[in-house]
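Peer 1: give the three-dimensional model of this entry:
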Amino acid sequence: MMYKAVKTPSFFRTLILFIALAVFMIGCGSNSEENNDDSNTADQNEETETNAAAEEDANDESEASDLYHEIGETFEMTGYYSDVPAEVTINDIWIEDDPEHQEYIEDNIASPTEDDVVVFVDYTVKNVGDTDMTMGDLIPEYTDANIELDLSYPENDTFTDFTESFQVPLEAGESMDVVGAVPADKNDQYTSALMWNITQDVPEIVFHTPQDERRDKIGTYDIGEDMYLFDQGEDSFYRVNISNIEVVEEYEGIEKFDDDSSFFAIDMEFENQLEEDVSLYGTFPSVFADGQEVIHSGNLVIDGQVVEDLYEGPEGKISPGETIEGTVYLEVIDENMEEVELLYLNPTLLTFPDYAMRINYN
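Peer 2: Predicted coordinates for the structure are as follows:
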């Protein structure tokens, strides 16, 4: 009997412990499933956000690429004068600084320097219309030089004169390989482009230096992202970084030009790694609404002090190798504030805001 009296409580204790352990394991399994569900949901949300950001970047790049053509790409355009369709392929672009071009440079540049070169463009054109056209429709402008390619240099039998080159016919179905030249500064290769049909809202463009080789790409930039306003390759550039943007009604020390206006207060860093001084005011963002620049004024505050002589004085310039931090105050009429875009226009495509670097401050 004593054996049974001792044995029976031990059995029940074991049973109770077993049941308790089972309940505990079920609870842990439930919590684990909930934790796994929470973890999976968080992972899915993070993955969704990452995919959305990647998709947005891809869309931005796709939209930007619709604005220009690549070297080696055949694209179709319509002649401005003839209204005849044609195909154009830029085969190659290169520069030469050979002394044999010196006379040509001096004949075409008012004040030549040792940095002047000749840019050559090899390209193919084809008339794909039903009627004839002239080469005047197919000779592009080199944007930094602000002049069309010269098909008569070097001397050749097809194009014997710069002006007469525009009248050379291209018959329906005919194709032609041509080489054009333009004297320019050697640094123009980093910013310039070939442009046709400049009367269009979006002209036909081929950049001398392709976009995928540049740091000053057109597109949308987030707060905190470096923006290279000038990129001349290697270690020669001008960079800004916008760390914060707020809208404020006033700033002590800055007189407003209109009572019904506010300021964009833009915290910025400027870095000049070019070879010359740069105007700080000239590297403030532009203010646009509905595709047009809106009336605004700009001021700069450094270390709590308003820069008084921003346009002419030494305080308004940044020297080579220098980095400056400050807050830019852009005054804009209140009725325009909600529609405003802040952007940097392409320096050689100033009349075409589609080619700008846009600031995503919203």
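Peer 1: next, D222: phi, psi?
Peer 2: phi -80, psi 160 (degrees, to the nearest 10).
Peer 1: please shift the residue numbers so they start at 57 in all later answers.
Peer 2: Will do, 57 is the new start, and the previous item becomes D278.
Peer 1: for E230, see how far away it is.
Peer 2: With distances defined as Cβ to Cβ, to the nearest Å, the gap from D278 to E230 amounts to 49 Å. Glycine gets a C-beta too; all of them are placed from N, C-alpha and C.
Peer 1: out of the two, which sits in the more crowded spot?
Peer 2: Neighbours were tallied for D278 and for E230 using other Cβ atoms under 10 Å; the higher tally belongs to E230 (13 against 10).
Peer 1: please name the residues that touch the more buried one.
Peer 2: With contacts defined as Cβ atoms under 8 Å, 6 or more residues apart in numbering, E230 is in contact with K182, N183.
Peer 1: now with 6 Å?
Peer 2: Applying Cβ atoms under 6 Å, 6 or more residues apart in numbering, one finds that E230 lies in contact with N183.
Peer 1: give me the below-cutoff pLDDT ranges for the chain.
Peer 2: Along the chain, the model assigns pLDDT under 70 to residues 57-119.
Peer 1: tell me, what residue is most central in it?
Peer 2: With distances taken as Cα atoms, centre = their mean, the chain has I274 as the residue nearest its mean C-alpha position (1.8 Å).
Peer 1: isn't that one up against P409?
Peer 2: No: under the criterion of Cβ atoms under 6 Å, I274 makes no contact with P409, lying 10.3 Å away.
Peer 1: list the residues that contact both of those two?
Peer 2: Common contacts of I274 and P409, defined by Cβ under 6 Å, 6+ apart, are absent altogether.
Peer 1: what's near enough to touch the residue nearest to the centre of the chain?
Peer 2: Residues in contact with I274, defined by Cβ under 6 Å, 6+ apart, are A120, Y411.
Peer 1: let's see 8 Å
Peer 2: A120, L123, Q267, N402, Y411, A412, M413.
Peer 1: one more: K312?
Peer 2: Residues E306, E387 are the ones in contact with K312 under the rule Cβ under 8 Å, 6+ apart.
Peer 1: please report how far it lies from D390.
Peer 2: Distance from K312 to D390, counting by Cβ to Cβ: 11 Å.
Peer 1: please apply the same query to F320.
Peer 2: With distances taken as Cβ to Cβ, F320 is found 12 Å from D390.
Peer 1: buried residues, the one helix or strand F326 maps to. List them.
Peer 2: Counting by DSSP states H and E, the element that carries F326 is strand 317-328. Neighbour-count burial for strand 317-328, counted by 16 or more other Cβ atoms under 10 Å, picks out S317, S318, F319, F320, A321, I322, D323, M324, F326, E327, N328.
Peer 1: surely P341 touches I415?
Peer 2: Yes: A contact is recorded between P341 and I415 when judged using Cβ atoms under 8 Å, the distance being 6.2 Å.
Peer 1: overlap in contacts, these two.
Peer 2: What both P341 and I415 touch, as defined by Cβ under 8 Å, 6+ apart, is the set I298, L398, L399, Y400.
Peer 1: please name the bridge partners of the third one.
Peer 2: To tie it back to what came earlier, the one meant is L399. Partner residues in beta bridges with L399, using DSSP bridges, are S342, R414.
Peer 1: quick check: the gap between it and V350.
Peer 2: Summarising the geometry, the distance separating L399 from V350, computed by Cβ to Cβ, is 12 Å.
Peer 1: do the same with the first one
Peer 2: Separation of I298 from V350 (Cβ to Cβ): 19 Å.
Peer 1: same question, R271
Peer 2: With distances taken as Cβ to Cβ, R271 is found 28 Å from V350.
Peer 1: likewise T214?
Peer 2: When T214 is compared with V350 (using Cβ to Cβ), they lie 48 Å apart.
Peer 1: neighbour count: the two, which is higher?
Peer 2: Between T214 and V350, counted using other Cβ under 10 Å, V350 has the larger neighbour count: 17 against 12.
Peer 1: now for L399 and V350: what residues contact both?
Peer 2: Shared contacts of L399 and V350, counting by Cβ under 8 Å, 6+ apart, come down to F344.
Peer 1: test my guess that S208 contacts S221.
Peer 2: Yes: with contacts counted by Cβ under 8 Å, S208 reaches S221, the gap being 5.7 Å.
Peer 1: these two: who's more crowded?
Peer 2: When neighbours are counted by other Cβ under 10 Å, S208 and S221 differ, and S221 comes out ahead with 21 against 17.
Peer 1: check the secondary structure at that one for me.
Peer 2: In three-state terms, and counting by DSSP: H, G, I helix; E, B strand; the rest coil, S221 is helix.
Peer 1: again with G382
Peer 2: Assigned by three-state DSSP, the conformation of G382 is strand.
Peer 1: state the number of residues packed around it.
Peer 2: As a burial measure, G382 scores 20 neighbours (other Cβ under 10 Å).
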